[in-house]
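J.: just a sequence and a predicted model for now, questions to come.
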Amino acid sequence: MSTISAGEGTGASAVVAAPHRLIQETESIVIRFVGDSGDGMQLTGGEFARIMGRSGHDFATHPDYPPEISAPTGTLFGVSGFQIQLASGNALTSGDRPDLLVVMNPAALASNLSDARPGATLVVNSGAFTGANLEKAGYRGNPLEDGSLDDYRVLSVDMSGLTAQALADSGLGKKEISRCKNYFALGLMLSLFGESPDEQIDEIRNKFGKSNPQSAEANIVAMRAGYAYGDASELIASVYHVPQAHLPPGKYRTITGNQGAALGFVAASERSGIPLFLGSYPITPATDILHELSLHKNFNVKTFQAEDEIAAICAAIGASYGGALGLTTTSGPGMALKTEALGLAVMLELPLVVVNVQRAGPSTGLPTKVEQADLLQAVYGRNGECPVPVIAASSPADCFDCALEAFRLAVKYMTPVILLSDGGIANSAEPWRIPEVDSLPEFKVSYRTEPAGYQPYARDENLARAWVVPGTPGMEHRIGGLEKDYLSGNISHAPANHQRMVETRAAKVAGMVRDIPATQVVGPASGALLLLSWGGTYGAVAKARAEAEARGLAVAHVHLRHLNPLPADLGEILSRYPVVLVPELNLGQLARIVRETYLREVVSLPKVQGKPFMVSELVTRILELTCGEPA
Amino acid sequence: MNQVLERSIDIHALTKKDFESSQAVRWCPGCGDHALLTQIQKLLPTLDAPRENYAFISGIGCSSRFPYYLETYGMHSIHGRAPAIASGLKLARPELSVWVVTGDGDALAIGGNHFIHAMRRNIGIKIVLLNNRIYGLTKGQASPTSEIGQKTKTTPYGNIDRPFNPVAVAIGAGASFVARAVDTDLANLGAILKQAAVHRGTAFVEVLQNCNMFADGTYEALTDKTKRDDARIVLEHGKPMIFGKQRDKGIRLNGLTPEVVTLGTDNVSETDLLVHDEASPNSSLAFLLSQLHSPELPVPLGIFRKVCLPAYEELCAEQSAAVVAEKGAGNLQSLLQGGASWLVTETH
C-alpha cells in the first residue's frame, strides 16, 4: 500500500501548494464516487463536476444508479455511482476506468474495484468498513487491513466518524449527521484538487439557507471538515492539478441531456412564437424533461401529466391540432404504447415531437441503464407505410439544439418528428456554453386563415399541408385516420388515391433531406477506416478516432444527427473508405439500415451491457481492422 | 368574392343547414345515430358560439363517423382515444367548444381509461356516448354494455360478461354532469344536450341508441309507446319521483333500497317519495338512481347529476397566471443561464 507522493503520475511538477504539498499535474483524470444509493453520490458527483467546471475545466459525467429508490443499506445491489472525467482538452466521455475512486462503503468497493485502473487511488470511508457492512459486501476480512489493496494507493479516512465529530454540537440526530458525510467527501475532494470550498458554501447558503437552514449549515460544516482534514493531513502528499481547458470564451453552465432538451423546447416555443404543450407520463429515464418543463409555467408552456402514455401523445396531438407545439416525452416501453397515435399524427399531418430517451430493453429491460436499441422502432415501427423523420442527440448540450431542430422540422413539414436521446446523455452532464437567444434559429409560425381556395390536403413546395386551427372562420373541415382524398381530405377509398397518398407521405419525409446540412467528416477525407456513429456514443467514438490518429492511422469519423432521412452525401462519403465500422449500443441497427440503403458491407460493433462504450474497446477494434492485429 | 364570403359568414344567423356537411351520411337507415346528428345540428345554431369554435372529436366505431357529417372542425381519430385528444385541444384552446362523440366499445372498453380520467379532471369537454350494447362497425360482437345472456357473434351461447353501467361509471369517476336520454325521445335529448353544452367541466350524456342491424329492440321497453311510461322515469330536479302512464307510481326509499309504490294506496302520498336533487354535492343519490333497472324498477332518464366544480382548464390557466405573478413573465435568456454559470475568458 502506498499513499500519493511527489513525483508520481504523468507530468508531475511542483508548483504552488501548501509547503508540504506537491502538485501532480495531469491532462485528464477519471473520478468515480461510489456508495449506497442513500449516500448522495449523484449529488456529490454532480456538485464536484460543477465546481471543477466553474474553475475552467471541461468535464463529462455518467451516473450509474440502481433502479431501487432506497435499496437496503450496505448491499451490493444498492450501490450507486457517479463518474466524472476532468480534462484540459475535450472531455467528451466520462472516461473508461477510474483513476480515483471515492468509496463510501465495502459494497461500493467490492462492486467497483475491478473497474478501476491498476494502481488507482482509492479514497475510502474506513468508518463504514464495519463487520456487518463487510459481510453484506461478501468480504471475509477487511480489505483495508489484509493487504488485498496493496496494488492501489489507499487514502483511508474515517469520514463517518469525522463527520459525526464535526457535527457533535449541531443538535442533529445520528441519522441526519450520517447523511452529511457526502459533503465531508466533497470537501476532502476539493482539497485534493486544490479548490477552495468558499464559493460552494455561498451557493449552499443561497440555495437552502432559507428553506432548510439547519441542514444547509450542517452540510457546510461537514464540507469544511473534509476540506480541513485534506488540507492538514500528512497522508496527502500531493494535490491534483488538471490544467484549465481551452474552451471557447463565453458564459457556461452545467447541463444534462434532459435539461438541455427541456430548455430547447422552451426555446422552440419562443422562437416559433407559439405555445408549447407537453403531454407526458412518468417513465425512467425521460421524466426529468416533464419535471423541468413543469417548472416553467411563466413561459408559454403547458404541461399535462396524462393518465397513460397513449393519452400523453393523444393530448399532444390534440394540442397540435389546436395550434400548439405538441410534444410528448417517453422511453422505449412508452414509445411502444404511443405507436398507433404516432401513425394518426402521420395521417393528420400535424406537427408533433416525440422524444424517446432510450433505455435498455426489451420490455421493462434495464430502466436506468443506457442502450440505443430503439432505432429500428423509430424508423420503421408502425403499421402501414408510415414514414417519420428521426433525429438523435449526441451529447447533453446537443439535446438543446436537437429539441429546436425537431420542432423546426415538424412545423416546416407538418409531420411528427422522433427525437432519440438515451439514458446516458439524458443524465450525464457537461459544461454548456450558454447561447444568446438571438443567435438561435427562428422559425415563426403562421396558421392559414384565408378561406378562399382552401383544400385541407393541398401542399406547398415541401409537400406540407397548411396548418389551419379550429376557431378560424370559414375553414371548418374534418381530418382523421382514414385515408383521405389527395386534396379535399375527405374519406377516400379510391385505389389510385391511396397509392398517391402513401407515396406523397413518403416523398415528403424523403424530401427533408434538403434540410440536412453537408455531413462533416472528422479526419482524412479518405483513408483506411470510417467510424460511423449516431446518438450518445459520440464522445467515445470521437475520442477513439483521436487516439487512432495519434497512432498514425488514417481513421475518419462521421456522426449522424439525421437518421431518417439519411444525409444525401452519406453514400458517397462511405465509398471513400474500404472499411466502415459502426459502433452501436444495440445489435447493429444502424449497420442494418446502412447496408440496406447503400448496398455495401459495414462492420458492426455491437454492445448491449447497459453501459456506454469504453474508448479502449473502440480503439482495439479499430486496430484489429486496420493493422490486422489486436492491440 | 372573398369579401362577400366573409361577410356572409359574419352576418347571417346560423341555422341547422349551416351545420350539415357535404358528406353523405352513411349510417344504416333507422340507426339511432341519425337522431343525435339531427339534434346536434339543431342545437348548435341556438348556442352563442360561432360555428368555427366547435370541434367534434371521435374515436372508432359507427358513432365515431359523426364528425364527418357536421360542418364544424372535427377529427375522426383512433379507437378509444378521443377524450385524450379532446383534452389536449381544450387545454390548448380553452375558448373552443370541444365535443366527443363515442360508443360503448370506444368509451368503455378500449378507451375506458381516458373516459374515467376525463370525468375525474372535470375538463371542459362534452362526451356523448351512443350506447347500443353492441359492436356495430365490426358487425356484431359483444360490447362492455351487452347484457348478460345477449347473443352476439362472439357470444353465440349468450354473454357471460357483466355489463358496465355507463352512468354509474361516470358518477363513480367523479363526473360533475351526468345524464341519460333515449335516441327516439328527441325533445328530452335536445334539452339535455343543451344543458351539457353550457356545463362547466366535463359533461357526460349517455344516449340509449338502437342498432337495428345487430341488437335491434334492445331498448324496446323504453321506447315502445305502449310500455315505456311504466318502464322509465324522467328525472326532474326538485320534484318527487313519479312515473307511469297514469302518473300514479313513485319511488320510495326503504332504508337504502328504492322501491316502487302506487300513489293513493297504502296511504302513500307524494310526500313519501324520493325527491330528485341533481345539484347535491354528494353523489350518493345520483349513484343510487344509476342502479335502477328494469323490469323491477323504472330506468331513469334525464339529468342524474349537475354540480358546479372548477374546470381543469380554468385551474390550469389560473395556475399559470399565478406563476407569472410570482416569477414574472418568463425570460428565456435568464432561463438558459440557470442558477450557477461561470465565465470562460480568452485563453492562450
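T.: It's in.

J.: where does chain A have low pLDDT?
T.: Scanning chain A for pLDDT under 70 picks out the ranges A:1-20, A:628-631.

J.: check it and tell me which residue is nearest its centre.
T.: residue A:425 (0.9 Å; C-alpha atoms, centre = their mean).

J.: doesn't that one belong to a helix?
T.: Yes: counting by DSSP: H, G, I helix; E, B strand; the rest coil, residue A:425 is located in a helix.

J.: now do the same contact list for it.
T.: A:257, A:393-396, A:398-399, A:535-536 (C-beta atoms under 8 Å, 6 or more residues apart in numbering or on different chains). All C-beta atoms are positioned from the backbone trio N, CA, C, and that covers glycine.

J.: make TSV from these and add neighbour count to it.
T.: Shown next, in TSV, are the contacts of residue A:425 (neighbours: other C-beta atoms under 10 Å in any protein chain shown):
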residue	neighbour count
A:257	31
A:393	31
A:394	24
A:395	26
A:396	29
A:398	25
A:399	31
A:535	29
A:536	31
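
J.: filtering those by proximity to chain B, which remain?
T.: Counting by C-beta under 8 Å from any C-beta of the partner chain, nothing from the contacts of residue A:425 sits close to chain B.

J.: next, residue A:559: phi, psi?
T.: phi -110, psi 120 (degrees, to the nearest 10).

J.: I'd say it and residue A:542 touch.
T.: Yes: taking C-beta atoms under 8 Å as the definition, residue A:559 is a contact partner of residue A:542 at 7.3 Å.

J.: need the residues of the stretch 101-250 of chain B near chain A, please.
T.: So the stretch 101-250 of chain B meets chain A at B:113-114, B:117 (C-beta under 8 Å from any C-beta).

J.: which of these lies closest to residue A:504?
T.: Nearest to residue A:504 among these is residue B:114, at 31.3 Å by C-beta to C-beta.

J.: what pLDDT does the closest residue to the closest one other than its chain neighbours get?
T.: Excluding the flanking residues, the one nearest residue B:114 by C-beta to C-beta, 6 or more residues apart in numbering or on different chains is residue B:83, at 4.1 Å. Residue B:83 carries a pLDDT score of 98 in this model.

J.: sorry, back to before: so what's in contact with residue A:559 and residue A:542 at the same time?
T.: Residues touching both residue A:559 and residue A:542 (C-beta under 8 Å, 6+ apart): residue A:522.

J.: OK, contacts around the residue nearest to residue B:93 when sequence neighbours are not counted?
T.: Using C-beta to C-beta, 6+ apart and skipping residues adjacent in sequence, the residue nearest residue B:93 is residue A:322, 4.1 Å away. Residue A:322 makes contact with A:469-470, B:88-89, B:92-93, B:96, according to C-beta under 8 Å, 6+ apart.

J.: now those residues as JSON lines including secondary structure?
T.: Formatted as JSON lines, those follow (three-state DSSP):
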{"residue": "A:469", "secondary structure": "coil"}
{"residue": "A:470", "secondary structure": "coil"}
{"residue": "B:88", "secondary structure": "helix"}
{"residue": "B:89", "secondary structure": "helix"}
{"residue": "B:92", "secondary structure": "helix"}
{"residue": "B:93", "secondary structure": "coil"}
{"residue": "B:96", "secondary structure": "coil"}
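
J.: closest to residue B:46 out of those?
T.: Nearest member of these to residue B:46, counting by C-beta to C-beta, is residue B:96, at 17.9 Å.

J.: list the buried residues for stretch B:287-307?
T.: With burial defined by 16 or more other C-beta atoms under 10 Å in any protein chain shown, the residues of stretch B:287-307 counted as buried are B:287-290, B:292, B:297-307.

J.: all strands of the stretch 451-600 of chain A, in order?
T.: A:478-480, A:529-534, A:555-560, A:562-564, A:579-584 (DSSP state E, counting those that start in this stretch).

J.: burial of residue A:185, as a residue count?
T.: If you count neighbours by other C-beta atoms under 10 Å in any protein chain shown, residue A:185 ends up with 29.

J.: element containing it?
T.: Using DSSP states H and E, residue A:185 falls within helix A:181-192.

J.: angle of the next helix-or-strand element following that helix against helix A:181-192?
T.: Per DSSP H and E, helix A:181-192 leads on to helix A:198-208 as the next helix or strand towards the C-terminus. Angle of helix A:198-208 versus helix A:181-192, following axes from the mean of the first three to the mean of the last three C-alpha atoms, to 10 degrees, is 150 degrees.

J.: picking up where we left off before, counting contacts, what elements does whichever strand or helix holds the residue nearest to residue B:114 pack onto?
T.: Element membership of residue B:83, judged by DSSP H and E, is helix B:82-92. For helix B:82-92, the packing partners by 3 or more C-beta pairs under 8 Å, 6 or more residues apart in numbering or on different chains; DSSP states H and E come out as strand A:276-280, strand A:301-305, helix A:309-321, strand B:54-58, strand B:97-103, helix B:112-121, strand B:125-131, helix B:312-327.

J.: want to throw these into JSON lines with mean neighbour count and distance to residue A:458?
T.: Below are the helices and strands packed on helix B:82-92 laid out as JSON lines (neighbours: other C-beta atoms under 10 Å in any protein chain shown; distance: least, C-beta to C-beta, whole Å):
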{"stretch": "strand A:276-280", "mean neighbour count": "29", "distance to residue A:458": "26"}
{"stretch": "strand A:301-305", "mean neighbour count": "22", "distance to residue A:458": "30"}
{"stretch": "helix A:309-321", "mean neighbour count": "31", "distance to residue A:458": "18"}
{"stretch": "strand B:54-58", "mean neighbour count": "28", "distance to residue A:458": "21"}
{"stretch": "strand B:97-103", "mean neighbour count": "29", "distance to residue A:458": "26"}
{"stretch": "helix B:112-121", "mean neighbour count": "23", "distance to residue A:458": "32"}
{"stretch": "strand B:125-131", "mean neighbour count": "27", "distance to residue A:458": "30"}
{"stretch": "helix B:312-327", "mean neighbour count": "15", "distance to residue A:458": "32"}
